[in-house]
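Visitor: Please find the sequence and the predicted model below.
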Amino acid sequence: MFLECLLVSASLCNAACAPPPEAQPTAPAHVEESVRAKTPLKAEMAIRIAKAESKPSWRRDKAFLALSAGAYGMALLDITNTARQGRVGRDYIERNPLARPFVRYPVVHYTSGLAAITGANWLSWRMKNSPRWHRLWWLPQVTAMSLNAWGYASSSKP
């Protein structure tokens, strides 16, 4: 089930956020116009640099996939640990107010937890491709992972 959720979310992110295959990276029009007004050799060099910077970074994509796998892993660890604690209200008290209504129904608990991680991954993917937020793209995934790690640590029996 985990592998299916991971593959579905990855394919949705790829389909929703990928540029069309026929689109070629180009420098912005104002950069080309302002640079071409100067010397031709410098203009061509600046356009080539702008095109090279607009290509996707494979290193950031590998980091995105690693953080995505880590976020899903921590969520499953937290949800599974919560499910193994026993009956809610008698054996333990769920401290997470967002997960509290779903704990009694295991299928809904797993689904809502993985949906939350998928949302964090989607937000992170959108931030990674944003010109404004591209430096903080990792923040939603790390936040989701740390919250699930805190949930796992606080719900473990002593």
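Guide: Yes, it's here.

Visitor: how does this structure divide into domains?
Guide: 18-55, 56-158 (automatic domain parsing).

Visitor: Find the residue ranges of the protein scoring beneath the pLDDT cut-off.
Guide: Along the chain, the parts satisfying pLDDT under 70 run over 1-60, 88-89, 156-158.

Visitor: Which stretches in it count as helices?
Guide: Taking DSSP state H as the criterion, the chain carries its helices at 2-17, 29-36, 40-53, 58-84, 106-128, 139-155.

Visitor: Okay, buried residues for the last one please.
Guide: Along helix 139-155, the positions that meet the burial threshold by neighbour count (16 or more other Cβ atoms under 10 Å) are 140-141, 144-145, 147-148, 151-152, 155. Where C-beta positions appear, they are placed from N, C-alpha and C, glycine not excepted.

Visitor: Give the other helices and strands that it contacts.
Guide: Under the contact definition 3 or more Cβ pairs under 8 Å, 6 or more residues apart in numbering; DSSP states H and E, helix 139-155 sits against helix 58-84, helix 106-128.

Visitor: quick one, the shortest one and helix 58-84 angle?
Guide: Comparing the axes of helix 106-128 and helix 58-84 via axes from the mean of the first three to the mean of the last three Cα atoms, to 10 degrees yields an angle of 160 degrees.

Visitor: and helix 106-128, C-alpha only, in PDB?
Guide: Listed next in PDB are the C-alpha coordinates belonging to helix 106-128 (Å, rounded to 0.1, in the frame of the first residue of the first chain):
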ATOM      1  CA  PRO A 106      -7.300   2.500  11.000                       C
ATOM      2  CA  VAL A 107      -8.000   2.900   7.300                       C
ATOM      3  CA  VAL A 108      -9.000   6.500   7.600                       C
ATOM      4  CA  HIS A 109      -6.000   7.200   9.900                       C
ATOM      5  CA  TYR A 110      -3.600   5.800   7.300                       C
ATOM      6  CA  THR A 111      -5.300   7.500   4.500                       C
ATOM      7  CA  SER A 112      -5.500  10.900   6.200                       C
ATOM      8  CA  GLY A 113      -1.800  10.700   7.300                       C
ATOM      9  CA  LEU A 114      -0.500   9.800   3.900                       C
ATOM     10  CA  ALA A 115      -2.800  12.500   2.300                       C
ATOM     11  CA  ALA A 116      -1.200  15.100   4.600                       C
ATOM     12  CA  ILE A 117       2.300  14.000   3.600                       C
ATOM     13  CA  THR A 118       1.300  14.100  -0.100                       C
ATOM     14  CA  GLY A 119       0.000  17.600   0.400                       C
ATOM     15  CA  ALA A 120       3.400  18.600   2.000                       C
ATOM     16  CA  ASN A 121       5.200  17.000  -0.900                       C
ATOM     17  CA  TRP A 122       3.000  18.800  -3.400                       C
ATOM     18  CA  LEU A 123       3.600  22.200  -1.700                       C
ATOM     19  CA  SER A 124       7.300  21.500  -1.600                       C
ATOM     20  CA  TRP A 125       7.400  20.600  -5.300                       C
ATOM     21  CA  ARG A 126       5.500  23.900  -6.100                       C
ATOM     22  CA  MET A 127       7.900  25.900  -4.000                       C
ATOM     23  CA  LYS A 128      10.900  24.300  -5.700                       C
END
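
Visitor: Much appreciated, bye for now.
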